[in-house]
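Visitor: Based on what follows, work out the 3D shape:
(4 chains)
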4 protein chains.
Amino acid sequence: MKPIRICMVGAGRVGKQHSRSILGHLPNAVCSALVDPNVDILEATGNEFEYENRFTSLEEALEAVEFDAVIITTPTFTHRELAVLAAGEGKHVFLEKPMALDLEECDDIIEATRKAKVILQIGFMRRFDPEFRAASERIQSGEIGRPMLIKSLTHGPGLPPSWAYDLKTSNGMLAEVNSHDWDTLRWLTSSNLERVYVETANFKGAQLGVTTEHFYDNVVVSTKFENGALGSISGICPCGYGYDARVEVVGEKGIIQIGSLSAQSVVVCTDRDKGLSTPIYRTWPERFAWGYINELKHFVHCISAEEEPFVTGEDGRWAVAGVLAANRSFLEGRPVGLAEVMSTPASSAVRPS
Amino acid sequence: MKPIRICMVGAGRVGKQHSRSILGHLPNAVCSALVDPNVDILEATGNEFEYENRFTSLEEALEAVEFDAVIITTPTFTHRELAVLAAGEGKHVFLEKPMALDLEECDDIIEATRKAKVILQIGFMRRFDPEFRAASERIQSGEIGRPMLIKSLTHGPGLPPSWAYDLKTSNGMLAEVNSHDWDTLRWLTSSNLERVYVETANFKGAQLGVTTEHFYDNVVVSTKFENGALGSISGICPCGYGYDARVEVVGEKGIIQIGSLSAQSVVVCTDRDKGLSTPIYRTWPERFAWGYINELKHFVHCISAEEEPFVTGEDGRWAVAGVLAANRSFLEGRPVGLAEVMSTPASSAVRPS
Amino acid sequence: MKPIRICMVGAGRVGKQHSRSILGHLPNAVCSALVDPNVDILEATGNEFEYENRFTSLEEALEAVEFDAVIITTPTFTHRELAVLAAGEGKHVFLEKPMALDLEECDDIIEATRKAKVILQIGFMRRFDPEFRAASERIQSGEIGRPMLIKSLTHGPGLPPSWAYDLKTSNGMLAEVNSHDWDTLRWLTSSNLERVYVETANFKGAQLGVTTEHFYDNVVVSTKFENGALGSISGICPCGYGYDARVEVVGEKGIIQIGSLSAQSVVVCTDRDKGLSTPIYRTWPERFAWGYINELKHFVHCISAEEEPFVTGEDGRWAVAGVLAANRSFLEGRPVGLAEVMSTPASSAVRPS
Amino acid sequence: MKPIRICMVGAGRVGKQHSRSILGHLPNAVCSALVDPNVDILEATGNEFEYENRFTSLEEALEAVEFDAVIITTPTFTHRELAVLAAGEGKHVFLEKPMALDLEECDDIIEATRKAKVILQIGFMRRFDPEFRAASERIQSGEIGRPMLIKSLTHGPGLPPSWAYDLKTSNGMLAEVNSHDWDTLRWLTSSNLERVYVETANFKGAQLGVTTEHFYDNVVVSTKFENGALGSISGICPCGYGYDARVEVVGEKGIIQIGSLSAQSVVVCTDRDKGLSTPIYRTWPERFAWGYINELKHFVHCISAEEEPFVTGEDGRWAVAGVLAANRSFLEGRPVGLAEVMSTPASSAVRPS
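Guide: Numbers count the residues shown, from 1 in each chain, chains lettered A, B, ... in the order given. This next block holds a predicted model:
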């Protein structure tokens, strides 16, 4: 089988993570080109992963090199343009979360890939984590009955880049940090959201010198699903203590817990006053090591087998819709129905001027 | 030291639990009288715990027997009358949660015990659980920094008696099941609530034949505290799978988790397809075995030593206030400030007509 | 019911622990007298637990005060004399482990209590620990099938008093620290031992200034049972890191693990490089809090109800036999059958001259 | 970089496992040939992993195809011949455990690879498991002080093929199942063994129809190390309940536990009487998924970088020596010094006639 040739768009943390997966674990894929407008980052990542072909724009790469697919890991506000461009050239698209800034952008991406008959997969790697996957199958099998209440949390250790918490350039932490939670809620309950309510807090902004309007580092979302279930998302960033991603679902027949703070079954005690010590997940690549590998194996498989991927543009779009409603709830201090943001022209729906 | 003579008011589940603690673990207390208007229950519990003196009303007990204190375990709507009566006769009062139905009732009880200079302790036994206690001390010591986000849950296995989920006779599940969570939030954050928002769901009501208006078996509360922190309470009853009470607090410096689903460090595996099996807490007396013993030891100690108890009427009153605001949020579908229920004449604040 | 009047013989750590249980959790028992030949310890413990009657010998206590039972917590080499004396005066006997120094002493104690028709209970509190108890019941029920392999360990934090590790005055650590393991092996397998083999190591003796002949601070015992099962005991003292007592049994159908290093479901993380922190059991009273309470409740119950206790002199005798065989294995560097020590006149069987 | 061409020798379970690793996770290696004398197995595995070149002997493969290295996964009694042959042809050798049947065979393999200047790596994949690796580094760093006591266990779910438990064709379960434990003991204590003592039991042999002489399904080994430390190995096969591999080391300053029964952080409860359920490791490929991948990545790296592998023939030889001494202890019922088997001509040292 000829390996799938990939153009990595974005040479930052996520671009490096995916390059690592391809070089280390994907015998059926090759890294054909690396794209990043920042030359320093382009060269550093290019050297680290021995990319022969490096470009400062996707356009240049498309002209100069042959490849089958792009993996887009750039900031959210660039997603539509890059994904539509790649699809237009017949390239398969693996697109990082959040899919886009608003529903119109999502629709453009979905439309472009559909028209070009290329694969579109969104980077919800938790769906490929063995624990999340096993739990999903057990829920689907009916083991805990119909889900009644689901809680999902993501707490990240450090402050993200400023564009990622500025509502004007992204949709803020609920989008950049909690994207996965939105998808997890919908995936595990098999239901769309109906209504959300948000509370936020800003504890560390001032001490970190963040003056961005609407900044928050703690958020709690209450959700009501179309099927009647309840949900909750919490986000904290920066939390400092580690990378924390856990889910709990209570169904009519029982409970399921997914994930743990504990990263390894290695327990040490050297001081009875300090107690036992166990490693915590320090970073998202540690926590979702298999998820990152598996999602790209799946992407490559779907290209080869011409199959629909497990995570589609539609999934990405629903996560964006949740964020839009949540941000409106946050800004207006009231519960907001998903219908409000999904019926409204998307471009005007979310962001403060 | 002369043992403290106790009149147990209420011969149901909680009255039995406290009788068990006294007979089994309180050498400094004696069960002097048992009161219950239901003669069958009075006799059954009286026989089980060998109460010599049994009465169908507190008035009779007060006339017939000498004792130092009452433990009131009757339904919430009887609390004010019984507590005020006992205090008026100079008896110390241990009062089960929820303290009362509204703030006016709370005030009456606080006033009566204050005037009579007797001890008033509310039955928040989690404050006496060794794990909750240790966690509180570590939070107080600053180990995890200023609390930013606290989550507390109580899921109970079975459907409570109908008065306990009827908003007209109690304040519903948020009061009867989640009372402890309200107290835990305030205790561990050292802050009063500012605002709450509630979502509820009714999954099992119909199949259990419950037709009570406003019935719900799942609830999620989002909270904002006066000090800026965020919180969340979840309640499920009946959940079926066990008795589940856990708390998680994230502070500026770290996280603390209190409690576990696992009731015992006994792990069994007899089938590699079914996996490991560990006992879960089946009931609240199992989960809070030490809490129930310790809170009565504390009550007896406070009587003997003439000290203020660790859980006061004020604490009980704040938990009631949280419930009142939450019920209003539930009924009106909007976030509700605590100020709304605390400034309003309490009697009109909460219950649907 | 008239409370059982107890004479506590031995005012050291274990005497204090049992006094604490009686005062705190045994409404049906009273501390009638305290005996210790060391006046300083007698007064300190007497004051702490408000003993009115204090004596430097059991003889004096027997003459001066009325009581129903003794709890003997003195060094092993005093057990026979004290237990036989108490039994001779018709007192029930709760006797700490190890029961005695050799089988002849065990026989004398059993004989004396049998003749006097008084209760004899040995202080194997693990049999009253809720986790050990639940595990035993599950094994008895056949859940894991016939036990094939059992491992039991006891690691204690600090160096015991010198008599307790000197083979000339006790039977050394295998007796003083691992007594419980010998009983656990026999209890959970329902089989007597057939053969033992011992390896020891001395890591910290020199640095702690211990020059006692035959001192060891680490020991591993391999055992073969009469019913064909295998076993293993490990002992470390001082281990420093906490009090550690765990058991694992594999049966024909499955495995059961009893106990854990973790003392509380309280998990903290404040530094992602240091990881999670959980309390460890610091001491034996922490680990076996319920075991200590429950074994005395059982003793008092057996006295009142005139029942045979759950842990008898026979159980204590088998633990001593295991130690005697193990010490011979240790000194002679070879596997030793229990038959060797049980057929030999006990007084000559074990200790080096 | 040109990928390393590998000839897989042995198409059974382990050959398949390594093929899976290469195809799934080793972009720098290719499966050039498959060898197995059993044509059915050869074809089945060949088809499953799409081997183009298949042979019934290594000789044929050597003649017909070019490759750089062999991975030898055949029964132990074939190891010497195959490894020496491959080395003689200048092929690098990855050799599964146990390395060989006796020390003479080990020496021949070491000598042949040394002479040919090719890599020789033994398949102790636990050394490449992230948990074992992290623990080793922490022990090496001095975190728990000098190791005093180490316990390692391997319990396998099913009965291995008959050659693997027949002392005449292998060295029995201590070699075939517990090979890794012998290596782990030496690796983590940084010490060679001095003496071993073995107890065995046969619980299930009869019911499984095994009539092989000296069959046992349970074994406990006590060990003494040259540096004074103590150790213990336990083996059970078939244990039925899962694949269980755990280690515990106590050092002068503390304890470290490696591994757990729990295979996933997915916890389910649907019945409060049955309690919590967590997946257990069902098989060795599940438990050591990363270990199997990492050890081959390491082998390929060592070939490319011309580095000495982390696990050498010397390591394999010491594990064989431990087994030889243990088997003599088993057959003669006495502790056996390693010096006895290492000084004796190896061919006469171990196996019963």
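
Visitor: pLDDT weak spots in the stretch 101-250 of chain A?
Guide: Under the criterion pLDDT under 70, no range of the stretch 101-250 of chain A is flagged.

Visitor: measure the residue in the stretch 251-353 of chain A that chain B sits nearest to to chain D for me?
Guide: Chain B sits closest to residue A:254 of the stretch 251-353 of chain A, with a gap of 4.5 Å, by Cβ to the nearest Cβ. Every residue, glycine included, has its C-beta placed from N, CA and C. According to Cβ to the nearest Cβ, to the nearest Å, residue A:254 and chain D sit 3 Å apart.

Visitor: now residue A:126
Guide: Taking Cβ to the nearest Cβ, one finds residue A:126 at 13 Å from chain D.

Visitor: Would you confirm that that residue contacts residue A:246?
Guide: No - at 10.9 Å, residue A:126 and residue A:246 do not qualify as touching, with contact defined as Cβ atoms under 8 Å.

Visitor: Among these two, which residue is more densely surrounded?
Guide: More crowded of residue A:126 and residue A:246, by other Cβ atoms under 10 Å in any protein chain shown: residue A:126, with 28 against 18.

Visitor: partners of the nearest residue to residue A:236 once chain neighbours are set aside in the sheet?
Guide: Closest residue in space to residue A:236, ignoring its immediate chain neighbours: residue A:155 at 4.1 Å, by Cβ to Cβ, 6 or more residues apart in numbering or on different chains. The partner list for residue A:155 in beta bridges (DSSP bridges) reads residue A:236, residue A:244.

Visitor: how much space is there between residue A:155 and residue C:19?
Guide: As defined by Cβ to Cβ, to the nearest Å, residue A:155 lies at a distance of 47 Å from residue C:19.

Visitor: about what we covered before: return the residues in contact with the closest residue to the residue of the stretch 251-353 of chain A closest to chain B other than its chain neighbours.
Guide: Excluding its sequence neighbours, the residue lying closest to residue A:254 (Cβ to Cβ, 6+ apart) is residue D:270, at 3.2 Å. Counting by Cβ atoms under 8 Å, 6 or more residues apart in numbering or on different chains, residue D:270 makes contact with A:143-145, A:253-255, B:240-241, D:277.

Visitor: which parts of the stretch 151-300 of chain A sit against chain D?
Guide: A:253-260, A:262, A:264-271, A:279, A:297 (Cβ under 8 Å from any Cβ of the partner chain).

Visitor: Write a ChimeraX command that selects only the buried members of those.
Guide: Of these, the buried ones go into a single ChimeraX selection, burial set by 16 or more other Cβ atoms under 10 Å in any protein chain shown:
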select /A:253,254,255,256,257,258,259,260,262,264,265,266,267,268,269,270,279,297
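
Visitor: coming back round to it: the contacts of residue D:270 into TSV, with extra columns for secondary structure and distance to residue A:203?
Guide: Below are those laid out as TSV (DSSP: H, G, I helix; E, B strand; the rest coil; distance: Cβ to Cβ, whole Å):
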residue	secondary structure	distance to residue A:203
A:143	coil	39
A:144	coil	35
A:145	coil	38
A:253	coil	38
A:254	coil	35
A:255	strand	30
B:240	coil	37
B:241	coil	35
D:277	strand	38
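
Visitor: Give me the below-cutoff pLDDT ranges for the stretch 251-353 of chain A.
Guide: A:344-353.

Visitor: what residues does it put near chain C?
Guide: Within the stretch 251-353 of chain A, the positions near chain C by Cβ under 8 Å from any Cβ are A:261-263, A:267, A:269-280, A:282.

Visitor: residue contacts, the residue nearest to residue A:34 when sequence neighbours are not counted?
Guide: Computed as Cβ to Cβ, 6+ apart, the closest residue to residue A:34 that is not its neighbour in sequence is residue A:51, at 4.1 Å. With contact taken as Cβ under 8 Å, 6+ apart, residue A:51 is in contact with A:8, A:19, A:31, A:33-34, A:45.

Visitor: element containing the residue in the stretch 51-200 of chain A that chain C sits nearest to?
Guide: At 6.1 Å from chain C, residue A:157 is the closest residue in the stretch 51-200 of chain A, using Cβ to the nearest Cβ. Using DSSP states H and E, residue A:157 is not contained in any helix or strand.

Visitor: Tell me how many other residues surround it.
Guide: Using other Cβ under 10 Å: residue A:157 sits among 19 other residues.

Visitor: Check the gap between it and residue B:13 for me.
Guide: Taken as Cβ to Cβ, the span from residue A:157 to residue B:13 is 45 Å.

Visitor: what's the answer for residue A:279, then?
Guide: 43 Å.

Visitor: The longest helix anywhere in chain A: how far from the chain's middle?
Guide: In chain A, ranked by residue count with DSSP state H as the criterion, the top helix is helix A:313-332. Relative to its parent chain, helix A:313-332 has a centroid offset of 13 Å by Cα atoms, centre = their mean, to the nearest Å.

Visitor: The very next helix or strand once past that helix - contacts with which helices or strands?
Guide: Using DSSP H and E, the helix or strand that follows helix A:313-332 in sequence is strand A:336-337. Other elements packing on strand A:336-337 under the criterion 3 or more Cβ pairs under 8 Å, 6 or more residues apart in numbering or on different chains; DSSP states H and E are strand A:193-201, helix A:313-332.

Visitor: can you redo those as a markdown table with distance to residue D:99?
Guide: As requested, the helices and strands packed on strand A:336-337 are arranged in a markdown table below (distance: least, Cβ to Cβ, whole Å):
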| stretch | distance to residue D:99 |
| --- | --- |
| strand A:193-201 | 59 |
| helix A:313-332 | 50 |
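
Visitor: Out of these, flag the one nearest residue A:94.
Guide: Nearest of those to residue A:94, taken as Cβ to Cβ: helix A:313-332 at 11.3 Å.

Visitor: CA-only coordinates of stretch A:233-248 in PDB, if you can.
Guide: Below are the C-alpha coordinates for stretch A:233-248, written out as PDB (Å, rounded to 0.1, in the frame of the first residue of the first chain):
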ATOM      1  CA  ILE A 233     -18.900  21.000  32.000                       C
ATOM      2  CA  SER A 234     -16.100  22.600  34.000                       C
ATOM      3  CA  GLY A 235     -13.000  24.300  32.700                       C
ATOM      4  CA  ILE A 236     -10.000  25.700  34.500                       C
ATOM      5  CA  CYS A 237      -7.000  27.100  32.700                       C
ATOM      6  CA  PRO A 238      -4.400  27.600  34.000                       C
ATOM      7  CA  CYS A 239      -5.000  25.200  36.900                       C
ATOM      8  CA  GLY A 240      -1.300  24.500  37.500                       C
ATOM      9  CA  TYR A 241      -1.600  21.100  39.100                       C
ATOM     10  CA  GLY A 242      -1.700  19.000  35.900                       C
ATOM     11  CA  TYR A 243      -3.700  18.100  32.900                       C
ATOM     12  CA  ASP A 244      -7.100  16.800  34.100                       C
ATOM     13  CA  ALA A 245      -9.800  15.300  31.800                       C
ATOM     14  CA  ARG A 246     -12.400  13.200  33.400                       C
ATOM     15  CA  VAL A 247     -16.000  12.300  32.700                       C
ATOM     16  CA  GLU A 248     -18.800  10.800  34.800                       C
END
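
Visitor: How far off centre is that stretch?
Guide: 14 Å.

Visitor: now stretch A:261-276
Guide: The answer for stretch A:261-276 is 31 Å, by Cα atoms, centre = their mean.

Visitor: Check stretch A:144-154 too.
Guide: 19 Å.

Visitor: Wondering if it reaches chain C at all.
Guide: No - in terms of Cβ under 8 Å from any Cβ, no part of stretch A:144-154 sits within range of chain C; the closest distance is 14.1 Å.
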